[in-house]
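>>> below are the sequence and a predicted model for it; my questions follow.
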Amino acid sequence: MSSDTPKACIRSDAIISQVDSYSYELENPETGGVLKLDDTGYLVAEHFETGDLTVDEVVTSLKEQHHLKISKADVLDFLVRADALNLLETPLEELGIDAQPQNTQEEEYAPTGQIEDRESILKLYRSRVHRFIFSFSPKTWAVLLGVIFLMLIPWPYKVAGTIVVKPIQQMTVRTPVSGTLAEFYVSEGDRVEKGQILAQLDDYQSDIARKQTELARVKAELDKLETGATHAEINRAKKEADLSQKIFSQAKAKAERYRKLFSQNLISEQDFNEAIAISEIKQKEHEQALAQLDLIRGGTRPELIRAKKADLHVLELDLQLLKTLQGLRSIRSPLQGVVISDNLPELIGKKMGPGDPIIIVASDTLLDIEAVIEERDIASIQRGQIMNFKVHALPDETFETKVEKIAPIGELSNSALTKEGGSVFRIHCYLNNSEQKLRPGMTGVGRIFIETRPIGAFVFSRVIRHIKVNYVL
């Protein structure tokens, strides 16, 4: 081969592209032939892009500027392979270059040249970076820069969870006494005030009326005992005693007459016995009339007055008890709130015992907004953070509250088992429901503001957490 090597040049339409970090391809767009290159081969190809250098000048440049241990035979080997794929502007034969390939591989050029020092390595990598940057079109770079800019935009980081509106206080109203439920004055969903009558047991009105009548009679008798008998009452008692004496005498005489007739077998035994019985009855009535006359004449004895007063006191206690029980027949609400029982009609007419539950009232003035937070987000939640939430019933209303309590123990949730973190934690926020817009049992979604982060942090934080939890021990 002549020492005066002509200048070779790679075709102007040939395409050099980077395959990965350590390999490149030199392609003939006309035939589709491809010459595979490594880092050194890429530098050799760069020197033949303009056609300004001879083979010897290329070898000298690679040695002096890039500090490569490369020979002229390596460079000629590159030209031979490029010529075989029609990658040169002028074939080697026309240039008068007669060379044989030094490498047995047919489609890959990998010279033995190696980089000698660190400076050369840096130059090589700077060249690679330069080639990589300019391998993308302006449109691609515009998209990449747009994505990077988007990733740097600050965005509020919020933790979301499903919420349920619950009453902070709810009470079960029970029957104070036994009785039959006669009537309900409220139904499910009704708002009630503290002390409002909710239901009514059967009453004691008939018992109270009967007891009042009996009490009036005993009072009249006591008044009579304490006042004493009048002259007219004494005369009336005397007449009754005289009349009873006359009737008794007639009955006694008849009984004696029947006794004689019976001894003579003139009357039946039955007639005789009836006459004797009537005589004895009239005798007792006469004795009672005499006793009553003696009582009226002698005045009321103190022990009778004391006994009658005792009867009066017992009746008064009975009446007071009945009135107290009557007051307990009206079942009242222990707090202001809303009725949440749904089976009230089924209880009407049912016999209830003391302490049986009949109705549930939940306070709707102060509500507990319970939110369910996934395990992966619970570490970001702290007391005092603001939570905004909406309920499905009022999609146009946004409510604001603060985190008050965080459950210390999580619970497994079937819906969370397929997500990152298999448990959920319940947090509680309190809300004054003064406008009465919310009701216990409503559901929705709540979001707790944590901090402002770049959008890129949202994208990569979960990926990094997943890798750390599942692959880094």
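Right, received. Where do you want to start?

>>> so where's the stretch 151-300 of the chain shaky on pLDDT?
Residue ranges of the stretch 151-300 of the chain with pLDDT under 70: 203-205, 225-230, 297-300.

>>> next, the buried residues of stretch 188-198.
192, 198 (16 or more other Cβ atoms under 10 Å). (Glycine included, C-beta is placed from N, CA and C.)

>>> now do the same end-to-end measure for it.
End-to-end distance of stretch 188-198 (Cα to Cα, to the nearest Å): 11 Å.

>>> would you mind listing the residues in contact with the closest residue to Lys350 other than its chain neighbours?
Nearest non-adjacent residue to Lys350, counting by Cβ to Cβ, 6 or more residues apart in numbering: Leu181, 5.5 Å away. The contact partners of Leu181, by Cβ atoms under 8 Å, 6 or more residues apart in numbering, come to 175, 199-201, 347-350, 352, 358.

>>> buried subset of those residues?
Buried, going by 16+ other Cβ under 10 Å: 175, 199, 201, 347, 352, 358, out of the contacts of Leu181.

>>> going by distance to Glu404, which of those wins?
Glu404 has its nearest neighbour among the buried ones among the contacts of Leu181 in Ile358, at 32.4 Å by Cβ to Cβ.

>>> how much space between that closest one and Pro167?
Computed as Cβ to Cβ, to the nearest Å, the Ile358 to Pro167 distance reads 18 Å.

>>> same deal with Glu400?
On the measure of Cβ to Cβ, Glu400 and Pro167 end up 19 Å apart.

>>> what about Arg81, how many neighbours?
Using other Cβ atoms under 10 Å, Arg81 has 23 other residues around it.

>>> ok, Ile276 next?
For Ile276, using other Cβ under 10 Å, the count is 17.

>>> again with the one 3 residues further on
Each residue near Ser279 was counted by other Cβ under 10 Å, and the total is 19.

>>> what of Gly179?
Other residues close to Gly179 by other Cβ under 10 Å number 20.

>>> got it, and Val472?
7.

>>> ok, back up a step: between Glu400 and Pro167, which one's more packed in?
A direct count of neighbours by other Cβ under 10 Å for Glu400 and Pro167 places Pro167 higher, at 23 against 10.

>>> quick check: the more buried one vs Ala310, distance?
53 Å.

>>> now swap in Glu404 and tell me
For Glu404 relative to Ala310 (Cβ to Cβ), the value is 62 Å.

>>> looking at the two now, which is surrounded by more residues?
Glu404 (14 against 10).

>>> please tell me how far the more buried one sits from Gln385.
Taking Cβ to Cβ, one finds Glu404 at 10 Å from Gln385.

>>> and Gln292, by the same measure?
92 Å.

>>> for Glu400, which non-adjacent residue is spatially closest?
Nearest non-adjacent residue to Glu400 (Cβ to Cβ, 6+ apart): Asn388, at 5.4 Å.

>>> need the three-state assignment for the one you found.
strand (DSSP: H, G, I helix; E, B strand; the rest coil).

>>> where does pLDDT dip in the stretch 1-150 of the chain?
In the stretch 1-150 of the chain, residues with pLDDT under 70: 1-5, 21-22, 98-136.

>>> quick one: the helices in it, in order.
In the stretch 1-150 of the chain, the helices defined using DSSP state H, counting those that start in this stretch lie at 39-47, 55-64, 72-84, 92-95, 118-133, 138-152.

>>> could you export these as TSV, including distance to Cys429?
Shown next, in TSV, are those (distance: least, Cβ to Cβ, whole Å):
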stretch	distance to Cys429
helix 39-47	62
helix 55-64	72
helix 72-84	74
helix 92-95	83
helix 118-133	52
helix 138-152	33
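
>>> and Glu451, which of those helices is closest to it?
Taking those one by one with Cβ to Cβ, helix 138-152 is closest: 15.8 Å.

>>> what packs against the helix or strand following that closest one?
Downstream of helix 138-152, the first helix or strand assigned by DSSP states H and E is strand 154-167. Contact partners of strand 154-167 among helices and strands, from 3 or more Cβ pairs under 8 Å, 6 or more residues apart in numbering; DSSP states H and E: strand 366-374, strand 386-391, strand 443-454, helix 455-471.

>>> winner for burial among those?
strand 366-374 (a mean of 21; mean count of other Cβ atoms under 10 Å).

>>> just name whatever secondary elements that strand is in contact with.
strand 154-167, strand 386-391, strand 423-432, strand 443-454.

>>> the first one pairs with which strands?
Okay, so that is strand 154-167. Counting by DSSP bridges, the strands paired with strand 154-167 are strand 366-374 (antiparallel), strand 443-454 (antiparallel).

>>> got TSV for those, with mean pLDDT and distance to Tyr430 too?
Shown next, in TSV, are the strands paired with strand 154-167 (pLDDT from 0 to 100; distance: least, Cβ to Cβ, whole Å):
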stretch	mean pLDDT	distance to Tyr430
strand 366-374	91	6
strand 443-454	89	13
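
>>> got these as a markdown table, with distance to Val314 columns?
Formatted as a markdown table, the strands paired with strand 154-167 follow (distance: least, Cβ to Cβ, whole Å):
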| stretch | distance to Val314 |
| --- | --- |
| strand 366-374 | 49 |
| strand 443-454 | 60 |
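
>>> quick one: closest of those strands to Ala216.
strand 366-374 (52.2 Å).

>>> identify the residues contacting Glu183.
199-200, 348.

>>> likewise for Gln320?
Contacts of Gln320 by Cβ under 8 Å, 6+ apart: none found.

>>> state which helix of this protein is the longest.
Secondary structure assigned by DSSP state H gives helix 231-263 as the longest helix of the chain.

>>> what's downstream of that one, the next helix or strand?
As assigned by DSSP H and E, the chain's next helix or strand after helix 231-263 is helix 269-298.
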